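> sequence first, predicted model second:
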Amino acid sequence: MRSSILLLAWFVLGAPVASGQIPDSEYAARRAALLDRIDSGVVLAAGARDPIAHYPAFSQLPAFRYLTGYLDPDAFLVLVKRGSGVSGTLLVPPTDLRAALYSGRTTDPDALARTTGLEVRYLEVLAPLLDSLARTSLPFYVIGDFVSNEFAADDSLSYMRALVRRLRDRYQWLETRDATPFVDQLRARKSRSEQALLRKAAEISAQGHRSAMRMIAPGRTENEVQAEVEYAFRRLGGDGPAYASIVGSGPNSTTLHYDAGRRVLQNGEVVLMDVAAAYDGYAADVTRTVPVNGRFSPEQRAIYQLVLEAQKASEQAIRPGVPAQLALDAIRGVLKAGLARLGLIESADAGFDAPPGLCPARPIFRGEREPCPQWYLFTYHGYSHGIGLDVHDPAQFSDVPAHTFQVGDAFTIEPGVYVRGNALEGLPDTPRNRAMIEKIRPAIERYRNIGVRIEDDYFVTETGLERVSPAPREIAEIEALMKPAKKR
């Protein structure tokens, strides 16, 4: 690597991990830590399969990448622990000379063995290897081969699950256990080198948001804004977007995962940008909401300031050892009080009768289901999640008991308020709802189609909480940056 690039990385990321790479020794330490969590047994992990289509590009599964650093498709990891004896084998496809003309992928087992510290064998020996191990009395610890834990329950047709079913059909005595929680526990605590990569991803993301703020103006389109942000990601060395970009203006700002990106930005509206970069596999997650014309209206300012106050309340609550629920309650308390102050709900504790499927399950008390809280009409998603190799990575405060913030946590704080123009449509015609609608309809019309989310990335350190996504978030900062916005 050229000296000028190394010097830049030194200042951006910090000295010992300036190259932005996870050292091979750390992958070995992760596998050792995983084996420390079992007595004796066989650990199985599958990498992602080679995609049938040419797009999108191949991406390694987070858990497999975490344990091996191997980035090509169709690989398999087998770790064996018998008492104090351990061994590890990485199984990979042999070089396909014809396919290599297209993909450039070749396999050098000796080089891989030197890099990983694992025995490297070709994938053709996987079946006889697993058959021989199944005949032992060792249990099999299986790591799920899904992209995200959020979708694990629905991914019943994965390669690993099919493989384990075939093994258990042949070997009725085979004991299988889920090792995914062990890997989640390890992934939840971010090492210094992982934090360096996340910090870089967040910094690149912030630059993308700044670029977008400078060009946003009435007459631009959502896809132009998205292109501006994503261009910055690649220009600054990022992998590209860490997830499907969300850029929604006007009414689209109130749809949580809006991704169509075709609407023209209108004067007097806001545009919500939930767009962030990945860097060397590690995903940031950053959201900003800005006025299309460069100045917040009084109504936009009121909603924005409420969301920002909620985010800051959560920040102030977080330090090592604090229960996660305390930080989430801080957000909800600010939002409930603010929504009541703005007239969008009758009171902080007021409820309404929700149609089936709208509100999370409510307990039944004295034969009647409790009403849904009115605040749920305007803020209805989680306020935090871990980040890492998956944009919704395991986090110590949510995935690892005792569910407190701990040093090494990396996560988002992302409160939001969304005033949908149709928020009152489809509600059951009940006395409670009629009274609510009469009181809050004027406020809904006043703040109609204003959706605001502010999302930043954080580390828990020995001294407290560090925000690592430096995109402008204060109203004065945003308006100053957008002032010279170009007109079409």
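Looks like it came in fine. Numbers count the residues shown, from 1 in each chain.

> need the residue in this structure that's farthest from the chain's center.
Seen from the C-alpha centroid of the chain, the residue lying at the greatest distance (Cα atoms, centre = their mean) is Pro431, 41.0 Å away.

> now for the lengthiest helix in the chain, which elements pack on it?
If you go by DSSP state H, the chain has its longest helix at helix 192-215. The criterion is 3 or more Cβ pairs under 8 Å, 6 or more residues apart in numbering; DSSP states H and E, and the helices and strands that helix 192-215 contacts are helix 3-13, helix 222-235, strand 277-279, strand 282-283, strand 287-291, strand 410-413, strand 456-461, helix 475-482. Every C-beta, even on glycine, is put in place using the N, C-alpha and C of the backbone.

> from Ser59, how far off is Arg135?
35 Å (Cβ to Cβ, to the nearest Å).

> which of these two has more residues huddled nearby?
Ranked by neighbour count (other Cβ atoms under 10 Å), Arg135 and Ser59 place Ser59 first, with 15 against 11.

> in three-state terms, label the nearest residue to the more buried one once chain neighbours are set aside for me.
In space, and not counting its chain neighbours, Ser59 is closest to Ala48: 6.6 Å by Cβ to Cβ, 6 or more residues apart in numbering. Look at Ala48: counting by DSSP: H, G, I helix; E, B strand; the rest coil, its state is coil.

> and the gap between Phe378 and Ile444?
Counting by Cβ to Cβ, the gap from Phe378 to Ile444 is 9 Å.

> Val400 too?
Distance, Val400 to Ile444, by Cβ to Cβ: 40 Å.

> quick one, phi psi at the residue nearest to Ser59?
Dihedral pair for Ala48: phi -70, psi 150, per degrees, to the nearest 10.

> surely Ser40 is in contact with Gly85?
No - look at Ser40 against Gly85 with Cβ atoms under 8 Å: they stay out of range, at 9.1 Å.

> who does the helix or strand that contains Gly338 touch, helix- and strand-wise?
Remark: Gly338 resides in helix 324-341, with elements defined by DSSP states H and E. For helix 324-341, the packing partners by 3+ Cβ pairs under 8 Å, 6+ apart come out as helix 298-317, strand 416-419.

> which residues are in contact with the longest one?
Contact with helix 298-317 is made by 270, 289, 291, 296, 326-328, 330-335, 338-339, 342, 383-384, 413-417, 419, 446-447, 450, 452-454, 456, 458, 465, 467, 473-475, as judged by Cβ atoms under 8 Å, 6 or more residues apart in numbering.

> distance from the chain centre to stretch 378-390, please.
Taking the mean of its C-alpha atoms, stretch 378-390 sits 7 Å from the chain's own mean (Cα atoms, centre = their mean, to the nearest Å).

> which positions within that stretch qualify as buried?
Neighbour counts over stretch 378-390 (16 or more other Cβ atoms under 10 Å) mark 378-379, 383-390 as buried.

> and for stretch 219-226?
For stretch 219-226, a neighbour-count test (16+ other Cβ under 10 Å) marks 220, 222, 224-226 as buried.

> picking that back up, among the contacts of helix 298-317, name the buried ones.
Using 16+ other Cβ under 10 Å as the burial test, these include 270, 289, 291, 296, 327-328, 330-332, 334-335, 338-339, 342, 383-384, 413-417, 419, 447, 450, 452-454, 456, 458, 465, 473, 475 as buried.

> picking up where we left off before, quick check: neighbours shared by Phe378 and Ile444?
Common neighbours of Phe378 and Ile444, counting by Cβ under 8 Å, 6+ apart, are 344, 419, 423.
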